[in-house]
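**Q** What follows is a predicted protein model with its sequence.
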Amino acid sequence: MNGVGEVLSVRLIAEIGDVRRFHSKKALIAYAGIDAPPFQSGSFYGKNRRISKRGSKALRKTGYEVMKCIKSAKPTEDNAVYEFMIKKELEGKPKKVAKIAGLNKFLRIYYARVHEAYDLN
């Protein structure tokens with residue numbers, strides 16, 4: 001994907017490993033630790049949730065660096081993640097929150113593309 005260089009792409013692949021071991025996109029997101037855990041007690045359901053941080057710290061760090069590179073590179077084609085981060089910032093989200101939301105979208109796209117590549121062979 002645009003914005004991901006040679007060094008970060010290798011780190012990303014090394015941290016994720018074989019994508020086929022995850023049964024869904026949500027499992028990959030949970031492995032990265034950027035999923036929002038349920039916040040409830042009885043009939044109370046909280047709305048202000050944070051990321052769980054239960055997954056791989058190294059993957060979160062690498063993913064955040066990838067988001068910084070995508071944001072600074074401003075890709076012109078294949079720029080869904082970049083446009084999503086800009087959209088979140090325009091909605092008033094803090095820059096870090098927008099980057100984590102972008103990482104979530106990036107990992108979903110990554111999962112789909114890798115599975116698509118394996119299905120073609």
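**A** All right, it came through fine.
**Q** after the helix-or-strand element of the chain with minimal mean pLDDT, next one along is what?
**A** Ranked by mean pLDDT, DSSP states H and E, the weakest helix or strand in the chain is strand 40-41, scoring a mean of 78. Following strand 40-41 in sequence order, the next helix or strand is strand 44-45 (DSSP states H and E).
**Q** what pLDDT, on average, does that following strand get?
**A** The average pLDDT within strand 44-45 is 80.
**Q** contacts for it?
**A** Phe39 (Cβ atoms under 8 Å, 6 or more residues apart in numbering). Bear in mind the C-beta positions are built from the backbone N, C-alpha and C, glycine included.
**Q** Distance-wise, check Arg60 relative to Glu15.
**A** Note on Arg60: its distance to Glu15, by Cβ to Cβ, to the nearest Å, is 9 Å.
**Q** All the helices of the protein, residue numbers only.
**A** For the chain, applying DSSP state H gives helices covering 6-16, 25-32, 57-73, 80-90, 95-120.
**Q** residues contacting Lys88?
**A** 97-98, 101-102.
**Q** Mind doing that once more with 10 Å?
**A** Residues in contact with Lys88, defined by Cβ atoms under 10 Å, 6 or more residues apart in numbering, are 94-95, 97-102, 105.
**Q** ok, of those residues, which come out buried?
**A** 97-102, 105 (16 or more other Cβ atoms under 10 Å).
**Q** Quickly name whichever of those is closest to Glu65.
**A** Proximity of the buried ones among the contacts of Lys88 to Glu65 (Cβ to Cβ) peaks at Lys99, which lies at 9.8 Å.
**Q** can you pull the pLDDT of the closest residue to that closest one other than its chain neighbours?
**A** Nearest residue to Lys99, sequence neighbours excluded (Cβ to Cβ, 6 or more residues apart in numbering): Met67, at 4.1 Å. The model reports Met67 with a pLDDT of 94.
**Q** From Tyr111, how far off is Met67?
**A** For Met67, the distance to Tyr111 - Cβ to Cβ - is 16 Å.
**Q** Can you lay out the helices of the chain as CSV showing distance to Gly46?
**A** As requested, the helices of the chain are arranged in CSV below (distance: least, Cβ to Cβ, whole Å):
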stretch, distance to Gly46
helix 6-16, 30
helix 25-32, 19
helix 57-73, 22
helix 80-90, 21
helix 95-120, 17
